[in-house]
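S.K.: got a predicted model here, sequence first, then my questions.
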Amino acid sequence: MCWQIFFEKNLPTHPCLKHFPHLETEKMPPNQIAMKILFCTLEDVLLTTLEYRFRKKGWQLSVAKTARRALDMAKKELPDVLVIDLELPEYEGLDIVQHFRKQIHPTVPLLTIAPAEEESLLFESLRLGANDFILKPLKPDELMLRIRRWLA
């Protein structure tokens, strides 16, 4: 996994990339606005992988490691999608879902992630206003497909 992350982080600027044009990152059309994804989690390894993949798609990833920080960031600049890890300390993830829906924005797509054994948290997040959920271990490609679906 470490080599994969190193490779993904260094590939876009590697000098040999000119010899392998099929590996180039996707270019965003000139007049398209970058999608803003706000991700609230404590998992640094996951964030490193997602940051590369999101940038490759032309999406802008903002990261918050606490519920309070995520809500402050969402108030300053409303994201196009909010992704919340429900495994934050003291069930902060559910607090973000409820507060975001009631006080910040009622319709911005909101996705939650949690392990399958925390099924009750996932269902509670849907009851509080989340649009969708993804089970851990999180697969980056699945997350990107779900985000694309909610942005379409």
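M.R.: Perfect, I can see it now. Given the structure is predicted, the values throughout are model-derived calculations rather than measurements. Numbering: from 1, shown residues only.
S.K.: contacts, neighbours, all on C-alpha from now
M.R.: OK.
S.K.: my guess is residue 93 contacts residue 67, does it?
M.R.: Yes: contact criterion CA atoms under 8 Å: residue 93 and residue 67 qualify, at 6.6 Å.
S.K.: give me the mean pLDDT for the top helix by length along the chain.
M.R.: Assignment by DSSP state H gives helix 44-57 as the longest helix of the chain. Mean pLDDT, computed over helix 44-57, is 90.
S.K.: contacts only, for residue 149.
M.R.: By CA atoms under 8 Å, 6 or more residues apart in numbering, the contact set of residue 149 is empty.
S.K.: which SS class is it?
M.R.: helix (DSSP: H, G, I helix; E, B strand; the rest coil).
S.K.: for the longest helix of the chain, buried residues please.
M.R.: 47, 49-56 (16 or more other CA atoms under 10 Å).
S.K.: next, residue 62: phi, psi?
M.R.: Main-chain torsions, residue 62, degrees, to the nearest 10: phi -110, psi 140.
S.K.: quick one: the strands in this structure?
M.R.: Counting by DSSP state E, the chain has strands at residues 36-40, 60-64, 81-85, 110-115, 132-136.
S.K.: how big is the angle separating the longest one from strand 132-136?
M.R.: So the one you mean is strand 110-115. Taking axes from the mean of the first three to the mean of the last three CA atoms, to 10 degrees, one finds strand 110-115 and strand 132-136 inclined to each other by 20 degrees.
S.K.: convert the C-alpha atoms of strand 110-115 to CSV, please.
M.R.: Written as CSV, here are the backbone C-alpha positions of strand 110-115 (Å, rounded to 0.1, in the frame of the first residue of the first chain):
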residue,chain,number,x,y,z
LEU,A,110,-24.3,14.1,2.2
LEU,A,111,-22.6,10.7,2.3
THR,A,112,-21.6,8.8,5.4
ILE,A,113,-19.1,6.0,5.8
ALA,A,114,-18.8,3.4,8.6
PRO,A,115,-18.0,-0.3,9.1
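S.K.: much appreciated, bye for now.
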